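> Build me a model from this:
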Amino acid sequence: MTGSPGSASADPAAAAPAVLMVGVNWIGDAVMSMPAVQAWRALNPAARLTMLVKPPLAPLWRMHAAPDDVAAIEPGSLGAVRTGLALRARHFDRAYILPHSFRAAWIAAWSGAPERIGLPGLARGLLGVRVVQSRSGPDRAHQQFEYLDLLLGPGAAAAPEPPRLRIPPEAAASAARWLAGLPAGPRVAMMSGAARGPAKRWPVERFAEAARRLAADHGCAVIALGSPAEAADAAAIAAAAGGRGLSLAGRTDISQWAAVLAGCALAVSNDSGGMHLAAAAGTPVVAVFGRTDPGRTGPLGPLCDVVQAPGARSRDIGREDEDAVRRLAAVTVDEVMDRCVRRLARGGATGGGRSCVP
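Here you go, the predicted structure:
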């Protein structure tokens, strides 16, 4: 892919640097890294960028404009070695390592990229990784700035643009077919799941009550989304909306999920990957937070609101964190409905690409 030295002057593409980015492992983290990748791409338009991620995240990055190619990491230790050796044939000039994990840096080392740059993590020096320390500050608390500092340099002054996804036509067509059967009215997506368990899940009964009110009092159509494991909760939410509800939990792939969100006037969600996906799809968001800090990991973009009970905030909490569960239970349906109604009334208002705050 890089061409021979003798052909560089005749072929400008041959002189373009080949760059590998080892991406993060969760939907939410991936979306939070997108503003930095976008900013890097704007400064390096000629570079040939390969994004390397776990297989479930490959379709997400294929919806993004920055990578020229998206590659998947094979599972297991031997798979990591095979992945690295396959990448070596591409002759990368540089590798950026976005995760803090040893495995991500190990694969980058196997790729043979002579310059390897990453955030702090285990055995970085041993693996030949130059570590970049992110610079914090009052206006740089959000996780997106860690990735911005990695890709653009510590303290990068760039004002990051919100994450942007391109919905594939086939996914948009699938979403249109599903949504066509709903009654007229604003479409509201509801996502009651969260990978971190009860510490990030507003009670499903409250999602259902909000769905009932949105349908009965405001003429909304409610679409419940989630994984196959969340199908029962999604069915209960859709049922609460009566004939104005639809459950698609477990029926969409990630591109179809994004397409459905893009077709909605609003998304109501826990602090989850679905929340970040909705923001990246350009859909207004009302997010319910427990104890996690929206200033550090909140959805990115101007069209979102966060509802959170008062109290101390933390970036890292356990799945069963009692204070987080209590704080979620303290958020009322009335509070969430107030934000939903106000956001629906504002429609497509736009603003700067900052993280949402309560």
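
> Grab the nearest non-local neighbour of Arg244.
Leaving out its chain neighbours, the residue that sits closest to Arg244 by Cβ to Cβ, 6 or more residues apart in numbering is Ala215, at 4.0 Å. All C-beta atoms are positioned from the backbone trio N, CA, C, and that covers glycine.

> so how many other residues sit close to the one you found?
Other residues lying near Ala215 total 22 when counted by other Cβ atoms under 10 Å.

> repeat for the one 3 residues further on
Taking other Cβ under 10 Å as the criterion, the count of residues near His218 is 15.

> Over to the one 4 residues further on?
By other Cβ under 10 Å, the residues close to Val222 number 30.

> Would you mind writing the CA trace of the helix or strand hosting it as CSV?
Following DSSP states H and E, the helix or strand that holds Val222 is strand 221-224. Coordinates of each C-alpha in strand 221-224 appear next as CSV, following Å, rounded to 0.1, in the frame of the first residue of the first chain:
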residue,chain,number,x,y,z
ALA,A,221,-44.9,7.5,18.6
VAL,A,222,-42.5,5.6,20.9
ILE,A,223,-39.8,3.2,19.6
ALA,A,224,-38.0,1.1,22.2
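
> so what's the backbone phi/psi at the residue nearest to Arg244?
Backbone geometry at Ala215, expressed as degrees, to the nearest 10, gives phi -70, psi -50.

> and what of Ser174?
Residue torsions, per degrees, to the nearest 10, at Ser174 are phi -60, psi -50.

> Pull up the gap between it and Cys264, please.
Ser174 is 15 Å from Cys264, where distance means Cβ to Cβ, to the nearest Å.

> quick one: which of these two has more around it?
When Ser174 and Cys264 are compared for neighbours, Cys264 comes out ahead with 24 against 19, by other Cβ under 10 Å.

> what sits against the more buried one?
Arg187, Val188, Ala189, Ile223, Ala278, Thr283 (Cβ atoms under 8 Å, 6 or more residues apart in numbering).

> ok, so of those residues, who is nearest Gly118?
Ala278 (29.2 Å; Cβ to Cβ).

> residues near Gly295, how many?
One way to gauge burial is a neighbour count; for Gly295, by other Cβ under 10 Å, it gives 18.

> Quick check: which element contains the closest residue to it other than its chain neighbours?
When the adjacent residues along the chain are set aside, Gly295 lies closest to Ala141, with 5.2 Å between them (Cβ to Cβ, 6+ apart). Using DSSP H and E, Ala141 maps to neither a helix nor a strand.
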